[in-house]
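Peer 1: My questions are about this predicted structure, shown below with the sequence.
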Amino acid sequence: MACRGGKRGLVKGGMVKGGLALAWMLAAAPCWAQSVSGEGAQGAAPQSMAQDVTTAPQAPPVADAAPASPAISTPAAAETQPTPPHHPGHRVVEEEPGIVVSSRPLAPDPARAINMASFAVTQSIDTAVLEPFSKGYEAVVPSPVRDGIHNVLYNLREPVVAANYLMQHKIGKTAETVARFVLNSTIGVAGIFDMAKRKPFRLPFHENGFADTLGFYGVPNGPYIYMPLFGSTTLRDLTGRIVDRAALPLAIGRNVLPTAAVVPMIVLGIVDRRVVNKERLRQERESADPYTTTRDNYLRRRANRIEELRHPHAAPAKDEKVEKDEG
């Protein structure tokens, strides 16, 4: 009897609770119906919530305001979105993923007319004299001999390269350059053979000069200059080139490189540079604007070189001939 009484009490309590829940649901039914009809008119629930946020009373009403965009954007919606207005005084630049293009030139070109005239004269001399001579040089002089001349010219510059690495407080590069000079000057037979870049040494050549040192310490390019025969330079790089040329006989000794040998070395350097850079020179000549292409390529290479000195990267050096921008 006790069990039957307990069961009746539980059933009675459940019926009371069920009745209360049913009454609450009936009372709330009109509110639910109104909520469902409102969602049908406005769209999905997330969109309604986004519109409630955009029309919140905190923001003042704006006349003729465009309706709020959906909370979730699609590629099609992104293509149809209007371009944001540009405010006066803001410079517009083109952007690519991960690349910011600046309209500021790397160096001013105030003497453009004079530089273009020098460029035209140099191109004429190159077409008439230097290019045919360099082709004849390649055809007549065997490749091992040309490589030997190239290596000698670069080996003679190693003391200047080492001195500039020292001024840039790069002790490791200084030691590597000195080791290159010693190895190539001895077992490389006065630099004819670049033994330092081979196994087991693996010490490739790195170009460096006083112009790089000036750039390393923040000296700006100065105006761009195009010199007949010698090509592109800037006021800073021309100053560095003059210092390098003056220091070269002192760095390696006048007995090794007499003053009378400097001019022939410069001539050989011009021919060697023409052979090494013939593909780049051809591409610049065939471009839509050869002068501008030549100038911008030079300034970009120099900017990359200074940046590499300031923030050296971990990429291994390529075992190849270095492009030369000076004779």
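Peer 2: In hand now; what should we look at?
Peer 1: Show me what counts as buried in stretch 123-137.
Peer 2: Within stretch 123-137, the residues scored as buried using 16 or more other C-beta atoms under 10 Å are 123, 126, 130-131, 134, 137. Heads up, the C-betas are built off the backbone N, CA and C, glycines and all.
Peer 1: Could you give the average pLDDT over that stretch?
Peer 2: Per-residue pLDDT values across stretch 123-137 average out to 94.
Peer 1: and the end-to-end length of it?
Peer 2: 19 Å (C-alpha to C-alpha, to the nearest Å).
Peer 1: who's in contact with it?
Peer 2: Stretch 123-137 is contacted by residues 146, 228-229, 270-271, 274-275, 278, 281, 285, 290 when judged by C-beta atoms under 8 Å, 6 or more residues apart in numbering.
Peer 1: can you redo the buried residues of stretch 123-137 as TSV with secondary structure and distance to R302?
Peer 2: Compiled in TSV, the buried residues of stretch 123-137 are given as follows (DSSP: H, G, I helix; E, B strand; the rest coil; distance: C-beta to C-beta, whole Å):
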residue	secondary structure	distance to R302
Q123	helix	21
D126	helix	21
L130	helix	23
E131	helix	24
S134	helix	24
Y137	helix	27
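Peer 1: Quick check: phi and psi on I225?
Peer 2: phi -130, psi 130 (degrees, to the nearest 10).
Peer 1: residues in contact with it?
Peer 2: Counting by C-beta under 8 Å, 6+ apart, I225 makes contact with 111, 115, 232-235, 238.
Peer 1: Same question for V243.
Peer 2: V243 makes contacts with F210, as judged by C-beta under 8 Å, 6+ apart.
Peer 1: circling back to that earlier point, just put the buried residues of stretch 123-137 in TSV and tack on distance to A261.
Peer 2: Shown next, in TSV, are the buried residues of stretch 123-137 (distance: C-beta to C-beta, whole Å):
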residue	distance to A261
Q123	29
D126	25
L130	21
E131	26
S134	21
Y137	19
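Peer 1: pLDDT weak spots in the protein?
Peer 2: Low-confidence segments of the chain, defined by pLDDT under 70: 1-105, 251-260, 262, 314-327.
Peer 1: residue boundaries of the strands in it?
Peer 2: Here the chain has its strands, by DSSP state E, at 95-96, 99-100, 224-227, 231-234.
Peer 1: Direction included, what does the last one pair against?
Peer 2: Here the strand partners of strand 231-234, with direction, are listed using DSSP bridges: strand 224-227 (antiparallel).
Peer 1: Identify each buried residue in the strand it pairs with, please.
Peer 2: Result for strand 224-227 [16+ other C-beta under 10 Å]: buried residues 224-227.
Peer 1: cool, and stretch 202-220?
Peer 2: Going by neighbour count (16+ other C-beta under 10 Å), the buried part of stretch 202-220 is 203-206, 208-216.
Peer 1: Pull the residues that contact it.
Peer 2: Contacts with stretch 202-220, where a contact means C-beta under 8 Å, 6+ apart, come from 107, 154, 160-161, 164-165, 167-168, 173, 176-177, 179-180, 183, 194, 196-197, 221, 236-241, 243-244, 247, 302, 305-306, 309-310, 317-319, 322, 324.
Peer 1: Using CSV, write out every CA atom in that stretch.
Peer 2: What follows is stretch 202-220, C-alpha atoms only, in CSV (Å, rounded to 0.1, in the frame of the first residue of the first chain):
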residue,chain,number,x,y,z
ARG,A,202,84.4,26.9,-50.7
LEU,A,203,85.1,30.6,-50.4
PRO,A,204,83.2,32.4,-53.2
PHE,A,205,84.1,35.9,-54.3
HIS,A,206,82.1,38.8,-52.7
GLU,A,207,82.1,42.3,-54.3
ASN,A,208,82.7,45.2,-51.9
GLY,A,209,84.1,48.7,-52.0
PHE,A,210,84.2,52.0,-50.4
ALA,A,211,80.9,53.0,-52.0
ASP,A,212,79.3,50.0,-50.1
THR,A,213,80.9,51.2,-46.9
LEU,A,214,79.4,54.6,-47.4
GLY,A,215,76.0,53.1,-48.0
PHE,A,216,76.5,50.8,-45.0
TYR,A,217,76.9,53.8,-42.7
GLY,A,218,73.8,55.5,-44.2
VAL,A,219,75.3,57.9,-46.8
PRO,A,220,72.6,58.5,-49.4
